[in-house]
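Colleague: Build me a structure from this.
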Amino acid sequence: TIGQDMLASNCQEGVLDITLPEEGEQVSGTVELIGTVNIEDFGSYKYEYSTTGAVSWVTIAAGNQLKLDESLGFWYTSSLVPGPYLLQLVPLNNIGEDLTPCIIQVEVVPEE
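Modeller: Purely as a prediction, here's the structure:
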């Protein structure tokens, strides 16, 4: 949880949540993200990753449909340096403002 404490994270089951991968899970290759984005005044969502330490978010992809514990999209980790990464799910309201994200930490490992 290096650097994670300084980041506001607001994961709530049924509202804003990353179900898979789970906190602390090891991932490799193509990772399907499963989660929920069911906020009031929903506009869209995006998901991003960052190395731990110097946090610098890189947007992976976005979507514009409400999700209830379903596929949010994919994260291709093959080209990343193995190690700990933060993964955040950012909801945007219907006027395009970023709201407080749900952030988890996962470990990217080399593909078998």
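
Colleague: Name the residues linked to L92 by a beta bridge.
Modeller: Beta bridges link L92 to S44, D98, judged by DSSP bridges.

Colleague: so it touches Y47, yeah?
Modeller: No: using C-beta atoms under 8 Å, L92 is not in contact with Y47; the gap is 11.6 Å. (C-beta placed from N, C-alpha, C; glycine too.)

Colleague: More neighbours: which of these two?
Modeller: The neighbour count for L92 versus Y47, taken as other C-beta atoms under 10 Å, is higher for Y47 (24 against 19).

Colleague: any idea which helix or strand carries the more buried one?
Modeller: strand 42-51 (DSSP states H and E).

Colleague: who touches that strand?
Modeller: Residues from elsewhere that reach strand 42-51, judged by C-beta atoms under 8 Å, 6 or more residues apart in numbering: 33, 37, 56-64, 66-67, 72-73, 75, 80, 83-96.

Colleague: And those, which of them are buried?
Modeller: By neighbour count, with 16 or more other C-beta atoms under 10 Å, those hold 33, 37, 57, 60, 67, 72-73, 75, 80, 84-92 as buried.

Colleague: Give the bridge partners for I34, please.
Modeller: Beta bridges link I34 to L20, S71, judged by DSSP bridges.

Colleague: ok, it - contacts?
Modeller: I18, T19, L20, D69, E70, S71, L72.

Colleague: Give me the distance between it and Y49.
Modeller: Counting by C-beta to C-beta, to the nearest Å, the gap from I34 to Y49 is 16 Å.

Colleague: What of A8?
Modeller: 17 Å.

Colleague: now swap in L33 and tell me
Modeller: For L33, the distance to Y49 equals 10 Å [C-beta to C-beta].

Colleague: Now the common contact residues for the two.
Modeller: With C-beta under 8 Å, 6+ apart as the test, L33 and Y49 both reach W75, L87.

Colleague: Please enumerate the strands of this structure.
Modeller: Per DSSP state E, the chain carries strands over the ranges 16-20, 26-27, 30-37, 42-51, 58-63, 67-76, 83-93, 102-108.
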